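Colleague: give me a model of this one.
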Amino acid sequence: MYELVKGRPSDVDVRLEKEIRVYDLLDRLHIEYERVDHEEANTIEECKEVDEILGDETSICKNLFLCNSQKNKFYLLLMPGSKVFKTKGLSKQIGSSRLSFASPEFMEKFLDITPGSVSVMGLMNDTNNQVQLLIDREVMEPEFFACHPCINTASIKLRSKDVLEVFLPKVHHEPIFVEL
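Modeller: I've put the predicted structure just below:
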C-alpha cells in the first residue's frame with residue numbers, strides 16, 4: 001500500500017533531476033506539499049489507488065499537452081479527470097484553430113516531461129513561455145490539487161491556492177480559465 005508523506009523524499013540520489021527540481025522550487029517558495037510514491041501511472045485510471053490516498057478534498061485532473069494545427073502555439077490543459085475532452089468547444093473558447101495533441105518532442109523541449117508525466121509543474125521548465133496554461137474552472141474548486149512532480153512514479157498534493165497565487169506567478173505563467 002502506498003503512503004502519503006510530508007515533503008521531499010530522502011532518497012534524492014536515486015531520483016531524476018527534474019523531479020528534485022520540483023521539490024527544490026516548492027521548498028524555496030515555502031509551499032507545503034505531501035507526496036506519495038507509486039508505480040508508474042500514465043492515465044487517470046492508473047491513478048485511482050493514488051487518488052484514494054490523496055483524499056476526497058483533492059482535485060486529480062487530466063493534463064493534456066496540445067497544439068494548434070500550425071504547431072506554433074502550445075497549451076497545457078488541466079481538466080477534471082471525469083470530463084471528456086472535446087477539442088471544438090475549447091478551440092472556440094480560446095480563439096484557436098483546431099487543437100490536437102502535441103508531439104512528445106515538444107513536450108520534452110518546452111516542459112522537460114514525457115508522456116504520462118504531464119503536469120503543471122513542468123511549467124517551471126518553460127522559461128520562454130512557449131506554453132499557455134488552460135485550466136477548467138472545476139479543477140481549482142477543491143482546497144487541494146494533485147499532480148505529478150514531472151515524473152509519473154510520484155504524486156504531490158498541495159493547496160490549490162498555492163498553485164494559483166504562488167507557483168504560477170513565480171514561473172511566470174498566467175492561466176486562462178475555460179469551461180469544458
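
Colleague: look through the protein and tell me its longest strand.
Modeller: strand 58-68 (DSSP state E).

Colleague: quick check: the spatially most central residue of the chain vs L16, distance?
Modeller: Centroid check for the chain by CA atoms, centre = their mean gives S119 as the closest residue, at 2.3 Å. According to CB to CB, to the nearest Å, S119 stands 13 Å off from L16. Every residue, glycine included, has its C-beta placed from N, CA and C.

Colleague: give the residues shared as contacts by those two.
Modeller: Here S119 and L16 have C150 as joint contacts, going by CB atoms under 8 Å, 6 or more residues apart in numbering.

Colleague: sorry, back to before: so the residue nearest to the centre of the chain makes contact with N125?
Modeller: No - the pair S119 and N125 does not pass the contact test of CB atoms under 8 Å, sitting 10.5 Å apart.

Colleague: give me the common contacts of the two.
Modeller: With CB under 8 Å, 6+ apart as the test, S119 and N125 both reach 113, 150.

Colleague: return the distance of the one helix or strand in the chain whose mean pLDDT sits lowest from the chain's centre.
Modeller: Least confident helix or strand of the chain, by mean pLDDT, DSSP states H and E, is helix 48-54 with a mean of 79. Relative to the centre of its chain, helix 48-54 is centred 16 Å away, using CA atoms, centre = their mean, to the nearest Å.
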